[in-house]
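1. Quick one, structure for this:
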Amino acid sequence: MGSDPTTSHFHLLGRKKCENSGSDPITSHFLPGVSRPDQALYAAYMKLFKLGTWLSPFREPERFEGPGSALQLCEVIALLGARRILLVTDRTLVRLGLVAPLEAALRKRGVAVARFDDVEPDPTLTLVEAGHARYQHAGCDAVLAVGGGSAIDLAKLVAARATNDVRVAQMTGLFRVRRRAAPLYAVPTTAGTGSEVTIVAVVTDPVRRRKLTALDFKLLPRAVALDPTLMTGLPAHITAATGMDALTHAIEAVLSRNAFARTTPRALDAARDIFRWLPVAVRDGRDLAARQALARASYEAGFAFTQAGVGYVHALSHGFGARYHTPHGLGNAIALPWVLDYSKPACADRMALVARHCGLGAPGDSDDALAERLVAEIRAMNAALGIPTHLAALRREDIPALAAGALREARFTYAVPRYLDQRGCEALLAQMLPPD
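-> You can find the predicted model right below:
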């Protein structure tokens, strides 16, 4: 890494940036290619955004944990008055027999169940409309998501679509869900997205080959169950990718300039637990202690990033998913160390905070040394988990469009520690190209 000319170029830009800007708290976050008016505008907007987030009435879902908690949630759903629920899931979970006990528990308590099991990775606008049609046809009054991030995101948008007479694309963006969504509940079967506790839902526009994001407090589930017994059959490679997704959420939430005193401790604990338990769960998927710890870590990281925000790792990974159908967790895992290398000149102290909390490095190590150790540890864990260093699908000719898309997503959305311009983002992406 030290001899990589592109990486050296980034570090040189970082040094020149700091030398040119002195102690200016605004320009220290930007490359020279980002104009000073834009710098000031970004910084002012993000301060207002942080204030607005701090003042927002964030309501955590009621949380049930441990083996059997999914059945406990079914009882709660009945007690809260649901009479006909749309269960959003995928056919694999149905085939594995994970959905039937929940359907039986609901019916036993007088709740009729209509199943929508067409969920696929990267759900599309069309799929949300199909789920909404099923909800209406069955006369449902609530939604239950059982599955990974795709199922929960789709269920959020179906619940919102049930009470908002507009197309899904009109609800994407910031706080554009006008009416309260239908009652929504979630049982995650992966420990990664944290979608069960976020205000975010991501949907794919297949025509324009892009991902759209809805961010609204109305998308939060009312209650969730973190049941490790539903995760024991998860394949090792999915466990690895989803775990790295949660680690990305935790780290980006700590590094965000919109981090809060209420989010950072929970993000730090999540990162620590993922470093400890993810290798265990990958080795032995039936280890309930590891599965439970990762489910909780994913939830805590989700709580943190839905308020503090994420960063360029997600902006890049969303482009990978839309263009190449790269699984989101895998895209995050590949991009994470490269983005941290780039960000380090502006946030070594925060990266060191993560490293110390996770027990990395030695007493007395400098912030710079600990920041380097954090990146090295992530690369080592990726290697141990079988996650590649480079994105095999990435094509050089796609880089300008991917960079432009990432910059559009991050602008006025993510309070990243160090901003990119088009040239810098293309150089960053070029490092992820597969070796010739």
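2. Identify the residues contacting the residue most central in space within the chain.
-> The structure's the chain has its C-alpha centroid closest to Thr193; by CA atoms, centre = their mean the separation is 4.8 Å. Counting by CB atoms under 8 Å, 6 or more residues apart in numbering, Thr193 makes contact with Gly148, Gly149, Ile152, Asp153, Thr242, Asp245, Ala246, Ser298, Gly302, His328, Gly329. In short, each C-beta sits where N, CA and C put it, glycine included.
3. mind running it again at 6 Å?
-> By CB atoms under 6 Å, 6 or more residues apart in numbering, the contact set of Thr193 is Gly149.
4. Could you look up the SS state of it?
-> Classification of Thr193 by DSSP: H, G, I helix; E, B strand; the rest coil places it in coil.
5. try the one 10 residues further on
-> Following three-state DSSP, Val203 is assigned to strand.
6. Sort out which residues of the longest helix seen in the chain are buried, please.
-> Longest helix of the chain, by residue count under DSSP state H: helix 328-357. Of all the residues in helix 328-357, those buried under the rule 16 or more other CB atoms under 10 Å are 328-348, 350-357.
7. same thing with stretch 272-287?
-> Buried, per 16+ other CB under 10 Å, within stretch 272-287: Arg272, Asp273, Ile274, Phe275, Trp277, Leu278, Pro279, Ala281, Val282, Gly285, Asp287.
8. Now that stretch - C-alpha only, PDB.
-> The C-alpha trace of stretch 272-287 is given here as PDB (Å, rounded to 0.1, in the frame of the first residue of the first chain):
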ATOM      1  CA  ARG A 272     -16.000  -4.400  19.000                       C
ATOM      2  CA  ASP A 273     -18.500  -7.200  19.100                       C
ATOM      3  CA  ILE A 274     -18.300  -7.800  15.300                       C
ATOM      4  CA  PHE A 275     -14.500  -8.000  15.400                       C
ATOM      5  CA  ARG A 276     -14.900 -10.600  18.200                       C
ATOM      6  CA  TRP A 277     -17.900 -12.700  17.100                       C
ATOM      7  CA  LEU A 278     -18.000 -12.600  13.300                       C
ATOM      8  CA  PRO A 279     -15.100 -15.000  12.800                       C
ATOM      9  CA  VAL A 280     -16.800 -17.300  15.300                       C
ATOM     10  CA  ALA A 281     -20.100 -17.300  13.500                       C
ATOM     11  CA  VAL A 282     -18.400 -17.900  10.100                       C
ATOM     12  CA  ARG A 283     -16.600 -20.900  11.500                       C
ATOM     13  CA  ASP A 284     -19.600 -22.300  13.300                       C
ATOM     14  CA  GLY A 285     -23.000 -21.000  12.100                       C
ATOM     15  CA  ARG A 286     -24.800 -22.800  14.900                       C
ATOM     16  CA  ASP A 287     -23.100 -20.900  17.700                       C
END
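9. Make 249 the starting number, not 1.
-> I'll keep to 249 as the first residue from here, and by that count the last item is stretch 520-535.
10. and after the helix or strand hosting Ala538, which helix or strand comes next?
-> Secondary structure assignment for Ala538, by DSSP states H and E: helix 536-556. Downstream of helix 536-556, the first helix or strand assigned by DSSP H and E is helix 560-572.
11. Am I right that Lys466 is in contact with Arg428?
-> Yes - using CB atoms under 6 Å, Lys466 is in contact with Arg428, at 5.4 Å.
12. Those two: who's more crowded?
-> Using other CB atoms under 10 Å as the criterion, Lys466 and Arg428 rank with Lys466 on top: 20 against 12.
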